[in-house]
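K.L.:
3D model of this:
(chains A, B and C)
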Amino acid sequence: MSQHYPVLTVIIPLIAALVAPLAAYLSKGLVRVVSITAVFAALLTSMAALVRALTDGTWHYVFAGWAPPWGIEYVIDPLSGGITVLITFIGFMVAIYGLPFLKEETWLKQGLHYALYLLIISGLLGMVSTGDLFNLYVFLEISSLATYGLIASGGYRSTVAAFRYLIIGTAGASFYLLGIGYLYGVTGTLNMADMAERLQPIMDSPAVIIGLVLIFIGLGLKMALFPMHGWLPDAYTFAPPAVIPFVAGVATKVPAYVLLRMFFYIVGAGSGPVPAILTVIGWVAALGIILGSVMAIAQSDFRRMLAYSSVAQVGYIALGFAIGNTYGLIGAVLHIFNHAIMKSCLFLVAGGVKWRTGQHSISRYLELSGRMPLTMGAFAIAAMSMVGLPPTAGFFSKWYLVLGAINAGKWPFVVVIILSSLLNAVYFFRVIENSFLKKSAGGKQVLKDRLKTKKGLWELPVAMLIPIVVLGVGILLLGIFNEQIVSQVLQYTLPGGGQ
Amino acid sequence: MEYGMDYRPLWAVLVSLIAAGLIMLSGRRPNLREFWTIIAAVAKIVIVFSMLPVVLVGQVIELAPLEIAKGVSLYLRVDAMGMIFAALASFLWLVTSFYSIGYMRADKAKHQTGYFASFAICLSATMGIAFAGNLLTFFIFYEILTIATYPLVVHKRDREAIKGGRKYLAYTLIAGQLMLIAIIWIQVIAGGSDFQAGGFLAGTASDGALRVIAVLMLIGTGVKAGIMPLHGWLPSAMVAPTPVSALLHAVAVVKAGAFGVLRVVGFVFGPQLFDEIGAATALAWIAAFTIIVSSLIAMRQDNLKRRLAFSTIGQLSYVVLGAALVTPLGLLGGMYHIVAHAFMKITLFFCAGAIHVTTHKDNISEMKGIGKRMPFTMAAFTIGSLGIAGLPLIVGFISKWNLALGALQRGQGIFVAVLIGSALLATTYLIPVGQMAFFTTSKKFPKIGEARLDMLIPLCLTASIAIVLGIFPDAGAHFYQLAVNSAQEIFNNSSLTMGGGW
Amino acid sequence: MNELLSNIIYFLIAVLFVFGLYGMLDKRNFMKKLMAMNIMQISVIIFFLALGQKLDATLPILVHGLEGVDQYVNPLPHALMLTAIVVSLSTTGVALALLLRIQDRYEDLEEPEILRGMDK
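P.N.:
Below you'll find the model as predicted:
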């Protein structure tokens, strides 16, 4: 059993996804148990796989005895193992969080919801685990299709958002596939490690350059890198609250991770067209950080504000790639973890406020701190982390990014990062002011009417509260113990790391 | 290093953090909540003062419990200078705690739980700043202090408070981010940022780069220290309740900035390098400008707390000036002025708060004859004002004496003139308050009606300490000896002339 | 010239891909967008198939007498594209399902009309 952990991590949610509708038909309680147990099992197996990768080094899991490069292999090194744990952890938390939202739905809707949700998790895990480029495409489409379906379930507005996302997402996947086609054409292999070897002598050939540019565009679309972010705000705003914390936290990070694999492991940062592409990424990301933050300030809907902030934050990750030295990469990868946790936490809070007040507008966040102290406390921590104030996690990714940028002499990036922190402060402290300080005009009665008191007088249902608090505390812990992650998980796997 | 695994510095930081958690949990039971505050304050004093003998004989307690970023540890280091600040803040926290309990209850303030919790977190951050052994540690606690102070500034939750809070955040966050650039830059060029007496930056980068770093660092620390033109937040933040103004805007927050300036000059750049790149002269002139201009502005304020705020801005620049003189006696004077100003200004703020709670008067023009009603309070106020003006036998004189000698040591007598000018100005904006209180009469204050005892005792206590320290500067916590040790450490020469000091 | 001719299939594929992309970006009608998306996907599929082709080669089924690798078409791209076609099919299916719901709700598939409908 234990030798199959990498594949079990992917397969368990997949099987559970197939079973979910049936389970829902039998009993609504059963589907919840099945789904949450499946995600929890995946969390355990992914953790076990990570532990083994940490102790014994990179774990190559070969399918059905077909040795790579002919067969497909899964590669669990500390980095990919870490990200699978991240996905399953957030997946588990959001699965619990979603329970109260789904309670009153029909069996069919519940079954489909969990099926799609598990498919997303499975697809993302597959993308991270696999060592095969085409296999990665398949998993990319599995997770994307499930995401379109789930986003569409959020109401009539979300259907349009989902359709647009589908068009753009498919375009991204096509770009990626076409790029893989070019690389396959010149190397004759789809295995990542094998391709890395075969690419070296022909790095400057036009086919490789075109292929890499296409892959970059494809992944850029999927990770919503500015200016390819157009699909994101609508999709995040109208998606159902039971699922969006997971999608917003993880779905854009996995393509970012793939980009990292592609450029720094398979191709190598110094060779062929990569430095040129990275330069472009850097400037595009810098622009995206600033514009994303400015757009976020202009929003009055809390979720939309978070969505634009995601555009900016993905820019941080890309900026780390562009800085390209060890510190920059540590910053980028650490930010994948940090941002996943804090953005999930923020969307959890957004969903919680919607649950209590039925509102998403920032101007309606008045006086919430008194009614939902724990939720708003978690929000304050997450907001500080987004701004990058110590000792929260966000500060430390910023620390590494700036350290890398100064080391590389890339001063404009330093300015961009610092400026964006301040812009983040503007829009997050606006919300903090509203929820902690300002009084609503109509006095207590108005507040009471606004809060749906029938659903409990104090705070949120426990199932929603636990994930919020866990992630909020997680942000602090991730900040204080970030060095453990850097030295254990990242340092030895990053190219050029450990020096 | 004999004390390598001594966890006392960490506990000094953590004890009030734990208290903050307990305070939050016991929000429904005020007595229990205040009990936690007092317990934590006492525990902090015990911990901090138990380290005093070790530090006094010149040893350093070091502790690096965990690495917080690749290659950088959370590094706590108790040296003489940190000890001054920590001992001062922990002692005054206890005094202020009693005072706050009285003030908040008399004022029937809301949100007291959040208030006391934030207060405790601020004190944790202050301890962290005092004991920080490298720049990252310093910065982390510095920013925690920034954030933890915010709820205190906006405590009243009205429009004015929110505006003041915004201004406060804008100033401190921007400055903090600029300082972060400088810190990371130092990390890059020097390969580390552990504080070292006498500095560690010499020869690591070109003069131009070092100048930029110096400017960024001084903006970062200078905002909290209220150096003009970065002082704008301080008067606005006076909307906070008076104990906040007392402890935070006279001791912890602003002193964290002034302390930061001293650290930067003495332990990052080193006096010599700081002078060579020309930063010392520039900073000295800015400080002198601040001292004079803030006094002039203070004269025109009618609101007592605002007047005190501008006085604070001026007095903080004494500390900055002490650092900028880059002479042993200048640094000594600067360090001692952290202590001196703390006792004097906290007395003044306590008095302002006592007046506010007892008579609901905030403006000086309404305080005619108030000495008849609150003689003890106003006597303490007068002692504080005389100290600020630099009258001998009160603690302010000692630091100013050393500062003046420091200026002479550098050969720039002009700064002595600045000090004297400022003292004269102080006599025009603070002493008249006392005079008005005692020597004019008004029907408004017919009979004696002092403030509550839990407010009166702390303010009398701090006022007496200001006098005791003025006569025996080394009494109690040996602040003077600590400052001398630290100055000698920075100038790396125990035989260096400290002569002429008090 | 010979070089160009032997590679002409790739240029045609590129043209097809760009047509698809253009249609997706430019068309205001959601149905047309979907069709353009399909064109784009098909161009990628043809591209892979073209990669596997060899001159004078036959189906990749082992025949006695034909032993050399050169005599067979590369089967791997075909296998991959079977998967890609399935993916494309399911994407189209999901898209059509979404379009049905949009049509139900807004009674139109023109983007400007729908946006107006959303604001109501």
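K.L.:
Setting the sequence-adjacent residues aside, check what's closest to the residue in the stretch 201-350 of chain B that chain C sits nearest to.
P.N.:
Closest approach between the stretch 201-350 of chain B and chain C, counting by CB to the nearest CB: B:Ser236, at 41.6 Å. (C-beta placed from N, C-alpha, C; glycine too.) Residue nearest to B:Ser236 in three dimensions, not counting chain neighbours: B:Gly164, with 4.0 Å by CB to CB, 6 or more residues apart in numbering or on different chains.
K.L.:
B:Gly232 is in contact with that neighbour, correct?
P.N.:
No - B:Gly164 is beyond contact range of B:Gly232, at 10.6 Å (criterion: CB atoms under 8 Å).
K.L.:
Can you give me the neighbour number for the residue nearest to B:Ser236?
P.N.:
Other residues near B:Gly164 come to 22 when the count uses other CB atoms under 10 Å in any protein chain shown.
K.L.:
just checking, next helix/strand downstream of the host helix or strand of it?
P.N.:
Taking DSSP states H and E as the criterion, B:Gly164 maps to helix B:159-190. Later in the chain than helix B:159-190, the nearest helix or strand by DSSP H and E is helix B:207-225.
K.L.:
Pull out the buried residues from the helix holding B:Gly164.
P.N.:
B:161-162, B:164-190 (16 or more other CB atoms under 10 Å in any protein chain shown).
K.L.:
circling back: I'd like to check which residues are in contact with the residue of the stretch 201-350 of chain B closest to chain C.
P.N.:
Residues near B:Ser236 by CB atoms under 8 Å, 6 or more residues apart in numbering or on different chains: B:163-164, B:167-168.
K.L.:
The helix or strand harbouring it - what's its average pLDDT?
P.N.:
Taking DSSP H and E as the definition, one finds B:Ser236 inside helix B:233-236. Mean pLDDT, helix B:233-236: 84.
K.L.:
For that helix, C-alpha coordinates in PDB please.
P.N.:
What follows is helix B:233-236, C-alpha atoms only, in PDB (Å, rounded to 0.1, in the frame of the first residue of the first chain):
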ATOM      1  CA  TRP B 233       0.800  61.800  12.600                       C
ATOM      2  CA  LEU B 234       1.700  62.500  16.200                       C
ATOM      3  CA  PRO B 235      -0.700  65.400  17.000                       C
ATOM      4  CA  SER B 236      -3.500  63.600  15.100                       C
END
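K.L.:
Just the CA trace of the following helix or strand past that helix, in CSV.
P.N.:
Using DSSP H and E, the helix or strand that follows helix B:233-236 in sequence is helix B:242-247. As requested, the backbone C-alpha atoms of helix B:242-247 are provided in CSV (Å, rounded to 0.1, in the frame of the first residue of the first chain):
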residue,chain,number,x,y,z
THR,B,242,-4.8,59.8,27.5
PRO,B,243,-3.1,56.7,29.0
VAL,B,244,-2.3,55.7,25.4
SER,B,245,-0.8,59.1,24.8
ALA,B,246,1.0,58.8,28.0
LEU,B,247,2.7,55.4,27.6
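K.L.:
Kindly give the local confidence score, pLDDT, for residue 61.
P.N.:
Let's take chain A. 85.
K.L.:
oops, chain C please
P.N.:
On the pLDDT scale, C:Ile61 gets 77.
K.L.:
give me phi/psi at it?
P.N.:
phi -120, psi 130 (degrees, to the nearest 10).
K.L.:
ok, B:Ile61 touching B:Asp6?
P.N.:
Yes - with contact defined as CB under 8 Å, B:Ile61 counts as touching B:Asp6 (5.1 Å).
K.L.:
ok, those two, which is more surrounded?
P.N.:
Here B:Ile61 and B:Asp6 are compared on neighbour count by other CB under 10 Å; more neighbours surround B:Ile61, at 22 against 16.
K.L.:
show me where pLDDT drops low in the chain?
P.N.:
Answering for chain A, as no chain was given. Within chain A, the ranges that satisfy pLDDT under 70 run A:1, A:440-458, A:491-499.
K.L.:
other chain: chain C
P.N.:
Low-confidence segments of chain C (pLDDT under 70): C:1-6, C:119-120.
K.L.:
Tell me if the lengthiest helix in it is near chain A.
P.N.:
Ranked by number of residues, the top helix in chain C under DSSP state H is helix C:75-106. Yes - for helix C:75-106, a contact with chain A is found by CB under 8 Å from any CB of the partner chain, at C:77, C:80, C:83-84, C:87, C:90-91, C:94-95, C:98-99, C:101-102, C:105.
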